[in-house]
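> Give me coordinates for this.
(one chain, ligands or ions: 3)
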Amino acid sequence: MKKSFAIKIASILLSGMCVFQLAACETEGDSSSDGSESGVVHTHTLSYQAAQAATCDKDGHISYWLCGDCGKAFEDENGKKELDASKIKNEEALGHILEQKAEQIPTCSNVGWAAYEYCTREGCTYTTYQQQDALFHNFVNGECTNCDATSYSQGLSFKLNSEKTGYKLVGSGTCEDTCVVIPSEYNGLPVTEIEEIWCQGIKKIVVPKSVQIIKREAFQLTWTLEEIVLPFLGYSRTNLEPISYYFGFIFGYEKYEGKIGEEVPKGVRQYRDNQSVSYYYKIPENLKRVTITEDPTDASEKLNSCSMLECIQFDCPVQDFGTNFKCAVSISDVKTWCEGKYFAGEDRTKITELLINGERVTNLVIPEGTKKIKEGAFFSCKYVETLTIPDSVYTVERKAFYGGNTLKTVNYSRTLSSEVWVVKPSL
Ligand SMILES: [Zn+2]
Ligand SMILES: [Zn+2]
Ligand SMILES: [Zn+2]
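Ligands and ions are numbered 1, 2, ... in the order given. Below is the predicted model of the structure:
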């Protein structure tokens with residue numbers, strides 16, 4: 001009962017705001033437009049139109065009565081005195097007062113917009129603003145390429161070191177990630193050491209730059225590993241003894257009694273052979289990609305005989321590289337690479353594919369300011385079709401582009417000797 005009463009009240013209020021008036025269009029006055037021709041008498045349905053001041057985009061007008069059916073306007077509520085449209089309008093639309101707003105590029109946490117304009121007149125909502133959604137995080141090795149956000153693995157086990165200056169990773173804890181991204185900080189202190197990590201079915205491990213030491217066999221149970229990101233190769237940044245800085249050290253190694261080359265122990269992926277004793281390193285069978293993010297010192301020596309790798313990526317400048325393996329190499333700093341130290345020869349470095357920041361290079365542009373391209377720098381480098389060498393380069397050493405038989409065009413103002421390549425491009 002209460003409800004229906006309320007509805008009645010509401011409808012009375014509504015009708016008060018917009019008064020409707022039915023006015024019969026009798027035969028008197030202008031009967032022609034009222035449908036008398038067809039014999040039907042039109043009855044105006046009049047509603048009151050209150051006077052309006054002009055706005056940005058609407059003309060101002062006096063108050064009048066309007067028939068919603070025939071569209072005629074009247075001075076009076078009975079629809080007797082018709083009003084001419086020109087007499088209703090009493091003020092031109094004012095037009096917007098426009099201001100410009102500069103564009104805002106969207107970020108991972110904030111929406112953005114293209115440059116737009118809007119009206120500053122009070123009460124006007126005109127704008128050409130169009131919101132651009134916030135971006136999604138794009139996590140690469142635990143860090144978003146668009147913002148400062150990180151996505152580290154959760155649930156790993158850490159232990160405070162004896163000096164209480166940092167943490168060491170001692171186990172996988174409850175982490176079940178297949179891509180384990182080790183945080184660089186734990187409980188406000190840096191993670192400086194990897195003692196052990198193993199997660200079921202782990203495919204990728206990212207070790208942060210804060211880590212100084214990776215223990216022997218730290219990754220010994222990561223049989224399914226396909227990719228690893230390391231700040232350096234081997235046991236520690238300050239190499240203590242040669243054996244501990246072989247790449248395979250972190251996966252575990254053993255003395256090898258047999259003769260290398262004759263009998264190959266199962267699972268062996270890297271050898272270290274010296275006069276008195278041989279070692280083998282137990283690198284996971286599926287490991288194809290190694291990325292070094294900070295210290296590439298002795299990379300050539302440490303990665304010696306790692307022929308299982310398909311790509312070595314340097315996310316840091318590298319100057320010394322190159323014995324005895326054949327795989328794709330991704331570099332980030334071409335100038336440093338050109339001026340580095342390489343070994344060219346039959347059993348030496350063979351770059352099967354050159355990548356710059358992970359992208360295959362077909363058009364190699366040596367950066368301006370490079371002075372020298374060292375011997376063997378791009379030895380056996382496939383897929384490069386166009387080579388551009390700036391005038392700043394005054395020496396191109398022998399075999400710099402040896403075997404680069406995919407080259408079609410070389411842009412260089414000086415003359416290159418035939419020692420630079422074995423197969424000369426057909427220029
Ligand atoms: Zn009417
Ligand atoms: Zn406006
Ligand atoms: Zn982000």
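> Ligand 1 contacts on the stretch 1-150 of the chain?
By Cβ under 5 Å from the ion, the part of the stretch 1-150 of the chain that sits against ligand 1 consists of 44, 67, 69-70. Bear in mind the C-beta positions are built from the backbone N, C-alpha and C, glycine included.
> Format those as CSV; extra columns: distance to Arg289 and pLDDT.
Shown next, in CSV, are these (distance: Cβ to Cβ, whole Å; pLDDT from 0 to 100):
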residue, distance to Arg289, pLDDT
His44, 82, 91
Cys67, 78, 93
Asp69, 76, 91
Cys70, 78, 91
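> are any of these buried, and which?
By neighbour count, with 16 or more other Cβ atoms under 10 Å, those hold 44, 67 as buried.
> Using CSV, lay out the residues of the stretch 1-150 of the chain next to ligand 1 together with distance to ligand 2 and secondary structure.
Shown next, in CSV, are those (distance: Cβ to the ion, whole Å; DSSP: H, G, I helix; E, B strand; the rest coil):
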residue, distance to ligand 2, secondary structure
His44, 34, strand
Cys67, 30, strand
Asp69, 32, coil
Cys70, 32, coil
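> so which of the residues of the stretch 1-150 of the chain next to ligand 1 comes closest to Glu195?
Asp69 (86.6 Å; Cβ to Cβ).
> show me the contacts for Ile228.
Each residue near Ile228 by Cβ atoms under 8 Å, 6 or more residues apart in numbering is listed here: 204-207, 219, 287, 289-291.
> One more: Trp337?
Listed by Cβ under 8 Å, 6+ apart, the contact set of Trp337 reads 317-319, 331, 377.
> Which stretches in this protein count as helices?
Assigned by DSSP state H, the helices in the chain fall at 2-17, 85-88, 299-302, 334-338.
> so how far is the last one from its chain's centroid?
Distance of helix 334-338 from the chain centroid (Cα atoms, centre = their mean, to the nearest Å) equals 26 Å.
> Next, count neighbours for Lys81.
Residue neighbour count, defined by other Cβ atoms under 10 Å, stands at 12 for Lys81.
> Give me the distance between Thr291 and ligand 2.
Distance of Thr291 to ligand 2, computed by Cβ to the ion, to the nearest Å: 56 Å.
> Where does pLDDT dip in the stretch 201-350 of the chain?
239-240, 242-243, 258-269, 271, 273-276, 322-325, 342-350 (pLDDT under 70).
> isn't Gly60 right next to Ile88, touching?
No. If you go by Cβ atoms under 8 Å, Gly60 and Ile88 don't touch, sitting 9.7 Å apart.
> rewinding a little: narrow the contacts of Ile228 to those in strands?
Counting by DSSP state E, the part of those found in strands is 204-206, 289-291.
> Which members of those come out as buried by neighbour count?
Applying 16+ other Cβ under 10 Å to the ones in strands among the contacts of Ile228, the neighbour count classes 204-206, 289-291 as buried.
> Closest to ligand 2 out of the ones in strands among the contacts of Ile228?
In terms of Cβ to the ion, no member of the ones in strands among the contacts of Ile228 lies closer to ligand 2 than Val206, at 53.3 Å.
> re earlier: so which of the ones in strands among the contacts of Ile228 also contact ligand 3?
Among the ones in strands among the contacts of Ile228, no residue lies close to ligand 3 (Cβ under 5 Å from the ion).
> Distance to Ile214 added to those residues, as TSV?
Shown next, in TSV, are those (distance: Cβ to Cβ, whole Å):
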residue	distance to Ile214
Lys204	16
Ile205	10
Val206	13
Arg289	17
Val290	13
Thr291	15
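> Closest to Gly123 out of the residues you listed?
Distances from Gly123 to those, taken by Cβ to Cβ, are shortest for Val206, at 55.1 Å.
> wait, what's in contact with the closest one?
Residues near Val206 by Cβ under 8 Å, 6+ apart: 141-142, 179-182, 228-229.
> One more pass at 10 Å, please.
Contact analysis of Val206 by Cβ atoms under 10 Å, 6 or more residues apart in numbering lists 140-143, 152-153, 179-183, 227-230, 291, 293.
> Among those, name the buried ones.
Using 16+ other Cβ under 10 Å, the buried members of the contacts of Val206 are 141-143, 152-153, 179-183, 227-230, 291, 293.
> In the stretch 201-350 of the chain, what residue lies closest to ligand 3?
Val206 (16.6 Å).
> Run through the bridge partners of that residue.
Listed by DSSP bridges, the beta-bridge partners for Val206 are Val181, Val229.
> quick one on the thing from earlier: now render the contacts of Ile228 as CSV, adding distance to Tyr402.
Converted to CSV, those look like this (distance: Cβ to Cβ, whole Å):
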residue, distance to Tyr402
Lys204, 34
Ile205, 35
Val206, 35
Val207, 35
Phe219, 36
Leu287, 28
Arg289, 25
Val290, 25
Thr291, 26
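> Once you drop chain neighbours, what's closest to whatever residue of the stretch 151-300 of the chain ends up closest to ligand 2?
Residue nearest to ligand 2 within the stretch 151-300 of the chain (Cβ to the ion): Ser151, separated by 44.9 Å. Nearest non-adjacent residue to Ser151, counting by Cβ to Cβ, 6 or more residues apart in numbering: Phe139, 4.5 Å away.
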